[in-house]
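Engineer: Whatever this is, show me its structure:
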Amino acid sequence: MSTWGVGAINPLTQQPTLLSDQVFQQWFWFGIGNTAEQPLNSLSLVGAGQGQTADTILLSYGEQLFGDPIRVDVGYVLISANSTTATIIETVQITNLTGAPLDLHWFELSNFDLEGGAADDSAEVTAGSIHQTDPNGSFIDVSSSPAPNRFQIDAAPNIVNSLNDTAATTLSDTQSPFGPADLEHAFQWDFTLGFQPGVDDSVMIQKTKAGTFTQPAAIETDHFPESTAMLQLQLPDLSMIPVALKGPSTVQVMFEGTLEGDANDTDSNLREEVPTELLSLNLLGITPLGGAVFFSNSRTVASSGQIEESTNNTTGTLDVPPFTPAGTATSSFDVFFDVFVQLDPMQPGIDLHNIACVACGPSGGRLWNLSQNVATMVDTLQEQRP
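Structural biologist: Presented below is the predicted three-dimensional model:
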């Protein structure tokens, strides 16, 4: 197993909204006597397919005619109670094909990267199970019946390297608790299988992997390649110079739930809203004298804002299309600009940083109407002119 994502169904697209992949690697190895282990897939694959339901997978390895010493039947059943929890029930049946007693050592390795991160997980043995956690609150419990004979928690890839080398492995029963680190853990079962069919030639292991995963809030990033603005430069004689600005901008919308459109009424005004941030703004204009005016969002102060619905008709959802059939909303930002103004191309310009524009915002996400009194800045520029 190399992928395990858990999420909700997006009502707009009817597609699953998956969390980060929770698994880097999970697989099986077996050793016979004191020989080096081999991975399960070193046996012949004799069957693979879906079970009776869509949440079941069946795999079969090993065939006596091909000289394989064991047959292994693996079944996975996925159970999900909601969008943040899921359980995989795993059944492994191992059958001796040698016709003689078999000293078998069975290993299962698990390398979970909870929430997609590899370096910040911790794990410990609790009541015969391994409990792995992520600092953001995700966790997974791995347990089995019968209980394993041995276990090991270690930094990745120490265990998998040991299972793949040329020597027999015995897990160390050490390193609990372990982390935070990029870790992996393994169970080891030791069996002596007989050779009487249906009597003592097989063994069954049942494992449960039960996970609870924190669901990150949905984020939408919108890029507008041609945002526009009209800037009025006020001269010392109080006359105004209009400058048309144009350029790209990028806005991020942080929905307040796991799906796009999720919203809350955090300011208790009976209208729900979602926070936004102006990630980038780069607008360029030319003055009537041919000088350059460049507006960009501040690189040191965030320009945050919100989108607020006009009427709350659907609790928990921003009442605008495509999240609801109809509705309108207002959008505003507290924008901080870095500005470069050059009235005349033959004269030096001036930089100003973190100019504030409270409650500025895109109308429909595209048109910027900005008005900033920059008379002091223009006075300075006039003083620089001969």
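
Engineer: any idea which element residue 24 lies in?
Structural biologist: Assigned by DSSP states H and E, residue 24 belongs to strand 23-32.

Engineer: Tell me which strands the helix or strand that that strand is followed by pairs with, and in which orientation.
Structural biologist: Next in sequence after strand 23-32, counting helices and strands by DSSP H and E, comes strand 38-39. Neighbouring strands of strand 38-39 in its sheet, by DSSP bridges, are strand 23-32 (antiparallel).

Engineer: Using CSV, list the CA coordinates for the partner strand.
Structural biologist: Below are the C-alpha coordinates for strand 23-32, written out as CSV (Å, rounded to 0.1, in the frame of the first residue of the first chain):
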residue,chain,number,x,y,z
VAL,A,23,1.3,6.7,3.6
PHE,A,24,4.8,6.5,2.2
GLN,A,25,5.1,2.7,2.3
GLN,A,26,3.4,-0.3,3.9
TRP,A,27,4.4,-3.8,2.8
PHE,A,28,5.2,-7.4,3.9
TRP,A,29,8.4,-9.5,4.1
PHE,A,30,8.9,-13.1,5.1
GLY,A,31,11.9,-15.1,6.2
ILE,A,32,12.3,-18.9,6.5
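
Engineer: List of residues touching that strand?
Structural biologist: The contact list for strand 23-32 (C-beta atoms under 8 Å, 6 or more residues apart in numbering) reads 1-4, 37-41, 69-70, 72, 74, 92, 94, 102-113, 118, 156, 160, 163, 168-169, 184. Quick note: C-beta positions are derived from backbone N, CA and C, even for glycine.

Engineer: Next up, the contacts around residue 163.
Structural biologist: 29, 37, 39, 107, 109, 169, 186.

Engineer: measure it to residue 21 for me?
Structural biologist: 22 Å (C-beta to C-beta, to the nearest Å).

Engineer: Residue 225 now?
Structural biologist: 32 Å.

Engineer: Pass me the low-pLDDT residue ranges in the protein, would you?
Structural biologist: 2, 5-20, 81-83, 215-216, 235-236, 299, 342-386 (pLDDT under 70).

Engineer: tell me the domain boundaries of this protein?
Structural biologist: The record's domain parsing of the chain by automatic domain parsing lists 7-212, 219-384.

Engineer: I'd like to know which elements the host helix or strand of residue 93 is packed against.
Structural biologist: Secondary structure assigned from DSSP H and E places residue 93 in strand 85-96. Applying 3 or more C-beta pairs under 8 Å, 6 or more residues apart in numbering; DSSP states H and E, one finds that strand 85-96 makes contact with strand 70-79, strand 102-112, strand 183-193, strand 202-212.

Engineer: Now with 7 Å, please.
Structural biologist: If you count contacts as 3 or more C-beta pairs under 7 Å, 6 or more residues apart in numbering; DSSP states H and E, strand 85-96 packs onto strand 70-79, strand 102-112, strand 202-212.

Engineer: That one vs strand 70-79, what angle?
Structural biologist: With axes from the mean of the first three to the mean of the last three C-alpha atoms, to 10 degrees defining the directions, strand 85-96 sits at 170 degrees from strand 70-79.

Engineer: Which stretches in the stretch 251-386 of the chain count as helices?
Structural biologist: 375-384 (DSSP state H, counting those that start in this stretch).

Engineer: Also the stretch 101-250 of the chain?
Structural biologist: According to DSSP H, counting those that start in this stretch, the helices that the stretch 101-250 of the chain contains are 158-164.

Engineer: All set now, cheers.
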